[in-house]
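*Asks:* Build me a model from this:
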Amino acid sequence: MRWRRAVSTSRKCADSEQVDRRGANDQEADGTLTKKDFLINNKILITTLGDQGSHIEQDNQKYTIGIAKPKAIVDPTGAGDAYIAGFLRGYLDEQSLQNAGQIGATLASFATEIDSCE
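*Replies:* Numbering: from 1, shown residues only. The predicted model follows:
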């Protein structure tokens, strides 16, 4: 199974633990890394599914995140980046994975409502 976007991150702790982030999408992943391989070395796997929402997996738990319906879809370019930005903001603010995913979905919907610069 190919995955669209994956993020590994650890919260910054009082003992100055560094935040570690990794990401890949269809264009960046060469198809040789499986989801199982990714989860062995990383803490969180996010699979974005376009208009079908997303899945967030951590420690054998899977969360299904719905979409935030945009007013109109003008251009989907940048929606995945907006999703990850929103997710990371929520996650680093110590929101639950479900809430962080919903923040990401909301920002992704905003991104689809405007013309991109690409």
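*Asks:* switch to C-alpha atoms for all contacts and neighbour counts from now on
*Replies:* Will do.
*Asks:* This protein: strands as residue ranges?
*Replies:* 45-48, 54-58, 61-65 (DSSP state E).
*Asks:* Export those as TSV, with columns for distance to residue 105, mean pLDDT and mean neighbour count.
*Replies:* As requested, the strands of the chain are exported to TSV (distance: least, Cα to Cα, whole Å; pLDDT from 0 to 100; neighbours: other Cα atoms under 10 Å):
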stretch	distance to residue 105	mean pLDDT	mean neighbour count
strand 45-48	10	88	22
strand 54-58	8	92	18
strand 61-65	8	95	15
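*Asks:* Show me where this protein dips below the pLDDT cut-off.
*Replies:* Applying pLDDT under 70 to the chain flags residues 1-35, 37-41, 117-118.
*Asks:* quick one: residue 86 from residue 99, how far?
*Replies:* 10 Å (Cα to Cα, to the nearest Å).
*Asks:* Out of the strands of the chain, which gets nearest to residue 112?
*Replies:* strand 45-48 (14.5 Å; Cα to Cα).
*Asks:* Tell me which strands that closest one pairs with, and in which orientation.
*Replies:* With DSSP bridges as the test, strand 45-48 is paired with strand 54-58 (antiparallel).
*Asks:* The partner strand to strand 61-65, inter-axis angle?
*Replies:* Orientation of strand 54-58 against strand 61-65 (axes from the mean of the first three to the mean of the last three Cα atoms, to 10 degrees) gives an angle of 160 degrees.
*Asks:* Which residues does strand 54-58 contact?
*Replies:* 43-49, 62-67, 97, 101 (Cα atoms under 8 Å, 6 or more residues apart in numbering).
*Asks:* for stretch 64-77, same thing?
*Replies:* Applying Cα under 8 Å, 6+ apart, the external contacts of stretch 64-77 come out as 51-56, 98, 101-102, 105-106, 108-116, 118.
*Asks:* Is it possible to mark the buried ones in those residues?
*Replies:* Neighbour counting with 16 or more other Cα atoms under 10 Å marks 53-56, 98, 101-102, 105-106, 108-113 as buried within the contacts of stretch 64-77.
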